[in-house]
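Novice: Show me the folded form of this:
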Amino acid sequence: MSGNADDYEAAIKPSAADEVASFSERKGFLARLQHALHVNPALVPLFVLVVSICLFALLLGSRFLSPFALTLILQQVQIVGIVAAAQSLVILTAGIDLSVGAIAVLSSVIMGQFTFRYGVPVEIAVALGLAFGTVVGSINGWLVAVMKLPPFIVTLGMWQIVLAANFLYSANETIRAQDIEENAPLLQFLGTTFKVGADADGRGGATFTFGVIAMVVIFAFLAYALKHTAWGRHIYAVGDDPDAAQLSGVNVKRTLISVYAVTGFICAIAGWALIGRIGSVSPTSGQLLNIESITAVVIGGISLFGGRGSIMGPLFGALIVGVFTLGLRLAGADAQWTFLLIGALIIGAVAVDQWIRKVSA
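Specialist: Predicted coordinates:
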């Protein structure tokens, strides 16, 4: 009787080998998923972007899927996308730059004021604006790398300084779009539109701006630099472990200064694109660029702890925000739903990042 009971219990109870195999299979799946997300961190935001586009396409049909609507999203996110590309470089080094929006706006003001107040040729004025952004970024980098000050404190202080300088220098005056169009159209160049796929009468097709092209070129250039150059590998090394990077021969100080300098330069390009987007030079524009750029970076899967992430992720993150904004607007929903969903995506993105770290540990 006892023997029959033992046989029955053995028959229904999984063997130790089966349990180990099952555990190994589960562990293997998690490991493969973690490895896929680690190697391709842009997969999550890309998946969210595709799902959100499909969702709004089902809800809104051709109103959302039209070439005009889809390219309008690109036009709306071009400024945030450019600034997010700059912010990504700093966050990859485990830092943060709260001055990006202020640098972009003051760079645009410098371009406009040098053209109209001082009579400087517009080409030189644009170059001076780009140089200004690079210099401010370099100062941020020097304070972080050489003086060993926390990036958050440095860029918070620089944000206040540049913001105050912006209003003091411009006297809070706006240069009108009509004046720019008549006397210095180059300032609006990145806002110039052109159509692709339009008919003979110029109707239909997709509408792009040179600002959108600039955004795509910046992301493509940074994607190549981060993946195929020593400078890009040094950025990831510094963000992952600066002490280990220093011991392996990486010049940490020079890398950090160069990252902040390039960030300032890209922000100045965003300032130039901002003139084209709104048509005028306004010292009060771009007030939310700091938060919007960080939002795109976090949703894009770049780790706030540095050292991990794909530069294409923030592009997808900016597009996700654009898709939700336009989709909900076309659906007639309250604008607050956009903030609610974006907030949920931010928390979700950070949770995924922490989960990857926990699994890899």
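Novice: Now tell me what touches the strand or helix carrying Ala349 from outside.
Specialist: Element membership for Ala349, per DSSP states H and E: helix 336-360. Outside helix 336-360, the residues within contact range by C-beta atoms under 8 Å, 6 or more residues apart in numbering are 30-31, 34, 37-38, 44-45, 48, 295, 298-301, 303-305, 320-321, 324-325, 328. C-beta coordinates here come from the backbone N, C-alpha and C atoms, glycine included.
Novice: Just the buried residues of the helix or strand hosting Gly322, please?
Specialist: In this structure, Gly322 sits in helix 312-330 according to DSSP H and E. The neighbour-count check on helix 312-330 (16 or more other C-beta atoms under 10 Å) flags 312-328 as buried.
Novice: What is the subsequent helix or strand relative to the host helix or strand of Ala270?
Specialist: Taking DSSP H and E as the criterion, Ala270 maps to helix 252-278. Note on helix 252-278: by DSSP H and E, the next helix or strand toward the C-terminus is helix 289-299.
Novice: What residues of that following helix count as buried?
Specialist: 289-290, 292-299.
Novice: Columns pLDDT and distance to Val109 on top of these, output as CSV?
Specialist: Below are the buried residues of helix 289-299 laid out as CSV (pLDDT from 0 to 100; distance: C-beta to C-beta, whole Å):
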residue, pLDDT, distance to Val109
Leu289, 92, 14
Asn290, 92, 17
Glu292, 92, 19
Ser293, 94, 19
Ile294, 93, 23
Thr295, 93, 25
Ala296, 94, 24
Val297, 94, 25
Val298, 91, 29
Ile299, 91, 29
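Novice: Pick the one among those residues closest to Gly157.
Specialist: The closest of the buried residues of helix 289-299 to Gly157 turns out to be Asn290 (C-beta to C-beta; 13.6 Å).
Novice: Surely that closest one and Gly101 touch.
Specialist: Yes: counting by C-beta atoms under 8 Å, Gly101 is a contact partner of Asn290 at 4.4 Å.
Novice: Name all residues that sit in contact with those two at the same time.
Specialist: Both Asn290 and Gly101 are in contact with Trp159, where contact means C-beta under 8 Å, 6+ apart.
Novice: Could you name the helices and strands sitting against the helix holding Gly322?
Specialist: Using 3 or more C-beta pairs under 8 Å, 6 or more residues apart in numbering; DSSP states H and E, the elements in contact with helix 312-330 are helix 43-60, helix 62-65, helix 67-92, helix 210-228, helix 289-299, helix 336-360.
Novice: what inclination does that helix have with respect to helix 210-228?
Specialist: For helix 312-330 against helix 210-228, the angle by axes from the mean of the first three to the mean of the last three C-alpha atoms, to 10 degrees is 150 degrees.
Novice: and Phe194, that's in a helix?
Specialist: No: under DSSP: H, G, I helix; E, B strand; the rest coil, Phe194 sits outside any helix and is assigned strand.
Novice: Gly211 is in contact with that one, correct?
Specialist: No: Phe194 lies out of contact with Gly211 (C-beta under 8 Å); the separation is 11.5 Å.
Novice: hey, what's in contact with both of the two?
Specialist: By C-beta under 8 Å, 6+ apart, no residue touches both Phe194 and Gly211.
Novice: Which one's more surrounded, those two?
Specialist: Between Phe194 and Gly211, Gly211 has the larger neighbour count (other C-beta atoms under 10 Å), namely 27 against 12.
Novice: unless I'm mixing things up, that one is touching Leu190, no?
Specialist: Yes: Gly211 is within contact range of Leu190, at 3.9 Å (criterion: C-beta under 8 Å).
Novice: Quickly list what's touching both of the two.
Specialist: Contacts common to Gly211 and Leu190, judged by C-beta under 8 Å, 6+ apart, are 273, 276-277.
Novice: most neighbours, which of these?
Specialist: Of all the shared contacts of Gly211 and Leu190, the highest neighbour tally under other C-beta under 10 Å goes to Ala273, namely 27 neighbours.
Novice: how about the strands of the stretch 101-250 of the chain, start to end?
Specialist: In the stretch 101-250 of the chain, the strands defined using DSSP state E, counting those that start in this stretch lie at 193-196, 206-209.
Novice: what mean pLDDT does the last one have?
Specialist: What it means is strand 206-209. Averaged across strand 206-209, pLDDT comes to 88.
Novice: So what touches that strand?
Specialist: With C-beta under 8 Å, 6+ apart, strand 206-209 has contacts from 67-68, 70-72, 74-75, 78, 190-197, 276-277.
Novice: Now the buried members of those residues.
Specialist: Buried subset of the contacts of strand 206-209 (neighbour count, 16+ other C-beta under 10 Å): 70-71, 74-75, 78, 190-191, 195, 276-277.
Novice: between those, which is nearest Ala57?
Specialist: Taking C-beta to C-beta as the measure, Leu70 is the one of the buried ones among the contacts of strand 206-209 closest to Ala57, at 10.0 Å.
Novice: What separation do you get for the residue positioned nearest the centre of the chain and Leu65?
Specialist: Against the mean C-alpha coordinate of the chain, by C-alpha atoms, centre = their mean, the closest residue is Ala84 at 2.6 Å. Separation of Ala84 from Leu65 (C-beta to C-beta, to the nearest Å) stands at 25 Å.
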